[in-house]
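Trainee: Predicted structure and sequence below. I'll ask about it afterward.
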Amino acid sequence: LGGDLNTGFTPDEFEKIKIKYGINDYDLLEELHSESDYLPINPNMKLKKAFKDIEREYKEILRISNKKIYFIMGNDDGLVGGSWDEDELFRNIDMKRINLDKINIVGYQYTLPFVGGCFEKTEEEQSNDINQILNLVNESTILVSHGPAYKENDILHNSLNGKMNRMGSKALRRLIIERK
């Protein structure tokens, strides 16, 4: 369970990806470092193919277990490809409830904006989402979230303002308190 599976490449690993897919530095600058706060609607197809191939490679490794994989995306997972595709073994549990024997799992993949990733939402947007999943959560629920709840180990250096800030979601905290 978790996110950030498509991040953390070393410079050498990312250089190999660029070579394999014919991605040049201009492609990266155009797509990833544009002056816009958002990625273009039609992202570079070479970059999109690279990330989809990486998704496929991760899945091939995980398929060896022959167990179901429940996941949530996070921050910039799927930066150009969107969420991972679901199939018989891989299921995105964002805003869904999965019943497993005596427990159930509910996922929430969004964080508050702090790095500009595609899986970020404002506090108000998260509050609206939480209202939609409130009835999915009870005392036997494992809540899987990519970001922390407000005041739950949520102090982080904020690259947007250079200060230490609470980065947890108040909406997630409300959900936890209401459904304890």
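Mentor: Received the coordinates, thanks.

Trainee: From here on, just use CA atoms for contacts and neighbour counts.
Mentor: OK.

Trainee: Against Lys102, how distant is the nearest residue to Leu89 once chain neighbours are set aside?
Mentor: Leaving aside its sequence neighbours, Leu89 sits nearest to Lys68 (CA to CA, 6 or more residues apart in numbering; 4.4 Å). According to CA to CA, to the nearest Å, Lys68 and Lys102 sit 17 Å apart.

Trainee: Of these two, give the one with the bigger neighbour count.
Mentor: Lys68 (13 against 7; other CA atoms under 10 Å).

Trainee: Give me the residues contacting stretch 172-180.
Mentor: Gln126, Ser127, Ile130, Leu134, Val137, Asn138, Glu139, Pro148, Ala149, Tyr150 (CA atoms under 8 Å, 6 or more residues apart in numbering).

Trainee: Isn't Leu112 up against Glu124?
Mentor: No - using CA atoms under 8 Å, Leu112 is not in contact with Glu124, being 9.9 Å away.

Trainee: These two: which is more packed in?
Mentor: More crowded of Leu112 and Glu124, by other CA under 10 Å: Leu112, with 22 against 13.

Trainee: No further queries at this time; thank you.
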